[in-house]
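Participant: only the shape, not the letters, is given here:
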């Protein structure tokens, strides 16, 4: 898994700011203002590191909760985060 694949997962399943990213499938809106492709890269690079270290789903969820509360200051909701984490682990295990 590389940063591009992780960006796509983020765009589709997490994206706490809620604005379509440039590689998102939601680009048909007249008000579409894509985020820069690297909008979440600081956090995604850390997620990749955590996955390489074999961190658990709980540890990943804790990190995402921390990022949302301390940096983004928006919460995406537990269901959305859990779906993102499930997709992340599925993609990681199928690489």
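Facilitator: Yes, it's here. Keep in mind the model is a prediction, meaning the values are calculated, not measured.

Participant: and the contacts of the longest helix belonging to the chain?
Facilitator: Secondary structure of the chain per DSSP state H: the longest helix is helix 78-93. Helix 78-93 has contacts (C-beta atoms under 8 Å, 6 or more residues apart in numbering) with 1, 5-6, 9-10, 12-14, 16, 47, 51, 57, 60-61, 64-65. (C-beta placed from N, C-alpha, C; glycine too.)

Participant: apply 7 Å and report the result again.
Facilitator: Helix 78-93 is contacted by residues 1, 5, 9, 13-14, 51, 57, 60-61, 64 when judged by C-beta atoms under 7 Å, 6 or more residues apart in numbering.

Participant: how far does the helix or strand hosting residue 45 sit from the chain's center?
Facilitator: Applying DSSP states H and E as the criterion places residue 45 in helix 41-52. Centre-to-centre, helix 41-52 and its host chain are 10 Å apart (C-alpha atoms, centre = their mean, to the nearest Å).

Participant: run a quick neighbour tally on residue 77.
Facilitator: Using other C-beta atoms under 10 Å, residue 77 has 10 neighbouring residues.

Participant: how far away is it from residue 54?
Facilitator: Applying C-beta to C-beta, to the nearest Å, the value for residue 77 to residue 54 is 26 Å.

Participant: picking that back up, list the buried residues for the longest helix of the chain?
Facilitator: Neighbour counts over helix 78-93 (16 or more other C-beta atoms under 10 Å) mark 80-81, 83-85, 87-88, 92 as buried.

Participant: that helix vs helix 41-52, what angle?
Facilitator: In terms of direction (axes from the mean of the first three to the mean of the last three C-alpha atoms, to 10 degrees), helix 78-93 departs from helix 41-52 by 60 degrees.
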